[in-house]
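[1] compute the structure for the input listed below.
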Amino acid sequence: MARADKKIFKFLFLVLKIGVSSALIVYLFSKAGGMAVIGNALLLSPFHIATASVLYVLASFFSTLRWQMYIPQKPATRTLFSLYMIGAFFNVCLPSTIGGDAVKAYYLSRQLKKDAGKNGEGPFETNHNVISVASVFMDRYVGLAALLFIGIAAFPFGYGILEKTPILWAMPVIFSGFVVCSTVLFKFRIGTRLKIMITVHDYFDHYFRQRAVLFKGFLYSIVIQLLVIFTVYILALGIGLDIPFLNFVIFLPIISLVTLIPVSISGIGLREGAFVLLFSIIGLAPDKAMTLSLIWFISVVTGSLWGLVEYLRFKHLFGGRIEEDSLQV
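    Numbers count the residues shown, from 1 in each chain. Reported below is the predicted structural model:
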């Protein structure tokens, strides 16, 4: 596909995502009652929204430490944290054809090239693009594994709640699919006819042999996911909802997986629909479920604004606009 055709396709897909998010939000507001949602949101104190935003930034910091483990050159933690917040800003705040992960990988590649020679030589250091893209993928992969682990661990506790719903077996099926796809991808080294894919698979083989590193990253991921769940629990208390914490442990992994479906902007609409659907199972009114989803999103947006400041700094440091083609590995 030509470069111009790719840009047109990405633009049209972006328009589609905006349309999906808009349609879902309008529909959900009409069902839940817009004024009721606004009234619920006004019950939230600045303390609760500030606490939720701080917890989001804290979770992002732990995510940075996890990401750092998968980069052989070990860039400074502060630099990586800045890049992580830039990625969060692009993912959450900008309806753009360039995703936050691509932005993180782009600036990491530039930073590694800038730092080349300062540290001792190590594996894979000759291809900064490979390291950047592969480390972002590995970081996401371990995070997803932890999310699915929490979801499958909570499944026995949620069985009675979800028993009469069509999504009862959703988490076990997704977890099984994840295991099968992981086995096929890494065991059979798909794509090694391309020379660059040999390097990519060598990277993954290198880190999959380092079980201590993987286990530490997995533990970081568990902490991160629990922080996210606790954040939503705090916000629920802030609008006067008395819902057991265990319900959030059961529902949030499913909701997070729904928002990963790439058909909306930042999960807007999908996330609210999932909140309304799942929390209605325990009797929560649609307006309250939608309010909880929206104020969680607002807290994430608030926390990710830090990334705007860092983006302006890095843009000035490296100059020019982000070139997606420069990250082709």
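[2] tell me who's in contact with Ile281.
    By Cβ atoms under 8 Å, 6 or more residues apart in numbering, the contact set of Ile281 is Ile161, Leu162, Thr165. For glycine as for every other residue, the C-beta is placed from the backbone atoms N, C-alpha and C.
[3] pull out the buried residues from these.
    Buried by 16 or more other Cβ atoms under 10 Å: Ile161, Leu162, out of these.
[4] can you lay out the contacts of Ile281 as TSV showing distance to Val26, secondary structure and pLDDT?
    Output for the contacts of Ile281, formatted as TSV (distance: Cβ to Cβ, whole Å; DSSP: H, G, I helix; E, B strand; the rest coil; pLDDT from 0 to 100):
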residue	distance to Val26	secondary structure	pLDDT
Ile161	29	helix	93
Leu162	28	helix	93
Thr165	25	coil	89
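[5] how far off centre is stretch 172-185?
    Computed by Cα atoms, centre = their mean, to the nearest Å, the separation of stretch 172-185 from the middle of its chain amounts to 19 Å.
[6] any regions of the stretch 201-329 of the chain where pLDDT drops low?
    317-329 (pLDDT under 70).
[7] now do 80
    201-204, 206, 208, 315-329 (pLDDT under 80).
[8] which stretches of it form helices?
    Ranges of helices within the stretch 201-329 of the chain are 211-238, 245-259, 270-280, 286-304, 306-318, based on DSSP state H, counting those that start in this stretch.
[9] can you list those helices in a markdown table and add distance to Ile38 and mean neighbour count?
    Shown next, in a markdown table, are these (distance: least, Cβ to Cβ, whole Å; neighbours: other Cβ atoms under 10 Å):
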| stretch | distance to Ile38 | mean neighbour count |
| --- | --- | --- |
| helix 211-238 | 15 | 18 |
| helix 245-259 | 22 | 20 |
| helix 270-280 | 14 | 22 |
| helix 286-304 | 8 | 23 |
| helix 306-318 | 26 | 16 |
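[10] for the ones you listed, which one sits closest to Ala153?
    Closest approach to Ala153 among these (Cβ to Cβ): helix 245-259, 8.5 Å.
[11] neighbours around Cys181, how many?
    10 (other Cβ atoms under 10 Å).
[12] now it: how far from Phe13?
    23 Å (Cβ to Cβ, to the nearest Å).
[13] with Gln111 instead?
    Taking Cβ to Cβ, one finds Gln111 at 29 Å from Phe13.
[14] the two: who's more crowded?
    The neighbour count for Gln111 versus Phe13, taken as other Cβ under 10 Å, is higher for Gln111 (23 against 13).
[15] thanks a lot, catch you later.
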